[in-house]
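Participant: Build the 3D model from these lines:
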Amino acid sequence: MKRKIVICLSIIIVLGVIAWVLMSTKVGEKIKTDLYEKFEIPKEVVSLQEQDHIKITYTYRWQEESFDIDVTDINLIKQIQDNISNKQLNNYTSQIGLAILGQYKVNLGNNVSFEFDGYDNEGFVMMYDNTKHFLTKINPEILKEIAKIVDVELTKNVEQYKTDKITIRKIGKNNNIEIKEKTAIEYIINQCKNIYIKKISYMPEIARLDYEIDFNNNIKFLINDENELGWLLKDNIYSEAYGLSVFNTILENSFDNIEQKRQMFTTDKIYIISPNKQIELTDKESIEKITTNLIYSKIFRPDWLENYNIKEEYDTGIKIKINDNEFLIPGNRNIGNRYVIDKNNKISLCFTLQNMEEYINELLEIRQ
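Facilitator: Modelled structure (predicted):
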């Protein structure tokens, strides 16, 4: 009798542990998700014929204009075949309201294709199979490879902008900013990948301009900050330029106390301090990658920071010490705020020009 009771109690405990795992842990969440997707999500089967080439169509985000790339990479084509052809693909159309505009389209032949707007760890695509279409997921590495192929072509398109100096003028304010930092120039040129240039056969009437971006190589962008459409002036010939809002961040931050930020963050030595390590940086390239993103950052101090306790975020975070200032990345990844602490211990929020935390973590790992 006692043995039966012990067995029953053991079973109850085991079931309780299983229930706890399913209800309270990430492992349990994954098990529940996998079971739901396996048994509850509708399935679709797409058949592909073997191909020796596929076509990628890239559409500029701000225009209907596009270009095609013929791809003959056997490994990529096989990877796509293995992930899609005759597989039980989940149909998430009725479960997830995800809009896909189709910036990237991959034509697999015989009226089969898929579209996506960018790659991430989920791998969501809109699959088209003759007359039907449905939202599904495929290996995100495939999307990453496709985006790389397109990026090679986009990089060719921005070769014309290469320069050692960019001058930004605020029209009507007699205010110029010269940008010579390599990281900032690379950032601006990279944004040019998202701009569509359309040749015109007329002389435009330009009613209002707010900014001029001069690449100092006979190329300029003329920008109205309320309009996606602006102008490219190259060798005294005008073209329409679409998608110029990609410059909004650099334009705003370049005229936001830029000289003060240059004084704060111009240095030949940086200390990066994590809870278990401290490293010193003295090589110019590494320093410039960090300081440039801070020089062209947005720094401001909302009222709620006046009495804000930053101790826990500071003690568990990563500090980048530059001159008498610090840039703080909180240890808790759920906290989205990033801070600048100046030499007077005044705390401000900081939005850097571009994310540099992966680079900082790489530096900490490399210098064991």
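Participant: Which secondary structure elements does whichever helix or strand Y238 is part of sit against?
Facilitator: Per DSSP states H and E, Y238 falls inside strand 237-242. When contacts are defined as 3 or more Cβ pairs under 8 Å, 6 or more residues apart in numbering; DSSP states H and E, strand 237-242 packs onto strand 196-199, strand 229-234. All C-beta spots, glycine's among them, are computed from the backbone N, C-alpha and C.
Participant: what inclination does the longest one have with respect to strand 237-242?
Facilitator: Looking back up the chat, that one is strand 229-234. 150 degrees (axes from the mean of the first three to the mean of the last three Cα atoms, to 10 degrees).
Participant: Dump the C-alpha coordinates for strand 229-234 into CSV.
Facilitator: Once non-C-alpha atoms are left out, strand 229-234 reads as follows in CSV (Å, rounded to 0.1, in the frame of the first residue of the first chain):
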residue,chain,number,x,y,z
LEU,A,229,11.0,63.9,-53.0
GLY,A,230,14.1,66.1,-53.5
TRP,A,231,16.8,66.6,-56.0
LEU,A,232,20.2,65.2,-57.0
LEU,A,233,22.4,67.8,-58.6
LYS,A,234,25.3,66.0,-60.4
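Participant: what comes into contact with that strand?
Facilitator: Contact with strand 229-234 is made by 160, 197, 204, 206, 218-224, 238-242, 244, as judged by Cβ atoms under 8 Å, 6 or more residues apart in numbering.
Participant: Are any of the residues you listed buried, and if so which?
Facilitator: Q160, I197, I219, K220, F221, L222, I223, N224, Y238, A241, Y242, L244 (16 or more other Cβ atoms under 10 Å).
Participant: returning to that earlier point: please state the mean pLDDT value computed over the strand holding Y238.
Facilitator: Averaging the model's pLDDT scores along strand 237-242 yields 94.
Participant: Paired strands for it, with orientation please.
Facilitator: In the sheet, strand 237-242 lines up against strand 196-199 (antiparallel), strand 229-234 (antiparallel) (DSSP bridges).
Participant: most tightly surrounded among those strands?
Facilitator: strand 229-234 (a mean of 20; mean count of other Cβ atoms under 10 Å).
Participant: Distance from the chain centre to that strand, please.
Facilitator: In terms of Cα atoms, centre = their mean, to the nearest Å, the centre of strand 229-234 is set 26 Å apart from its chain centre.
Participant: what's the answer for stretch 192-200, then?
Facilitator: 21 Å.
Participant: would you turn the helices and strands packed on strand 237-242 into a markdown table with distance to L98?
Facilitator: Output for the helices and strands packed on strand 237-242, formatted as a markdown table (distance: least, Cβ to Cβ, whole Å):
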| stretch | distance to L98 |
| --- | --- |
| strand 196-199 | 25 |
| strand 229-234 | 29 |
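Participant: now the strands for the stretch 51-200 of the chain?
Facilitator: Along the stretch 51-200 of the chain, the stretches classed as strands by DSSP state E, counting those that start in this stretch are 54-59, 66-71, 89-90, 104-109, 112-116, 124-129, 132-137, 166-170, 175-179, 196-199.
Participant: Could I get the average pLDDT for the last one?
Facilitator: Averaged over strand 196-199, pLDDT sits at 92.
Participant: Dump it to PDB, restricted to CA.
Facilitator: Extracted in PDB, the C-alpha atoms of strand 196-199 (Å, rounded to 0.1, in the frame of the first residue of the first chain):
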ATOM      1  CA  TYR A 196      15.900  56.100 -55.900                       C
ATOM      2  CA  ILE A 197      17.300  58.500 -58.500                       C
ATOM      3  CA  LYS A 198      15.100  59.300 -61.600                       C
ATOM      4  CA  LYS A 199      16.500  61.100 -64.500                       C
END
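Participant: Can you list the strands that the helix or strand following it pairs with?
Facilitator: Tracing the chain past strand 196-199, the next element assigned as helix or strand by DSSP H and E is strand 211-214. Partner strands for strand 211-214, per DSSP bridges, with pairing direction: strand 166-170 (antiparallel), strand 219-223 (antiparallel).
Participant: Any stretches of the stretch 151-300 of the chain with poor pLDDT?
Facilitator: Within the stretch 151-300 of the chain, not a single segment meets pLDDT under 70.
Participant: Now with 90, please.
Facilitator: Low-confidence segments of the stretch 151-300 of the chain (pLDDT under 90): 172-175, 201-208, 225-229, 276.
Participant: got it, and the stretch 1-150 of the chain?
Facilitator: Short version for the stretch 1-150 of the chain, where the test is pLDDT under 90: 1-41, 49-51, 60-65, 95-99, 101, 118-121, 131.
Participant: residue boundaries of the helices in it?
Facilitator: Assigned by DSSP state H, counting those that start in this stretch, the helices in the stretch 1-150 of the chain fall at 2-24, 26-39, 74-84, 140-157.
Participant: Repeat that for the stretch 251-368 of the chain.
Facilitator: 258-265, 284-295, 311-316, 357-366.
Participant: Highest mean neighbour count out of those helices?
Facilitator: Among these, ranked by average contacts under mean count of other Cβ under 10 Å, first place goes to helix 284-295 (a mean of 19).
Participant: what does that one rub up against?
Facilitator: In this structure, residues lying in contact with helix 284-295 by Cβ under 8 Å, 6+ apart are 181-184, 258, 261-262, 264-270, 281, 320, 322, 327, 340, 350, 352-354, 356, 359-360, 363.
Participant: likewise stretch 84-98?
Facilitator: Stretch 84-98 is contacted from outside by 37, 41-48, 108, 114, 124, 127, 134-138, using Cβ under 8 Å, 6+ apart.
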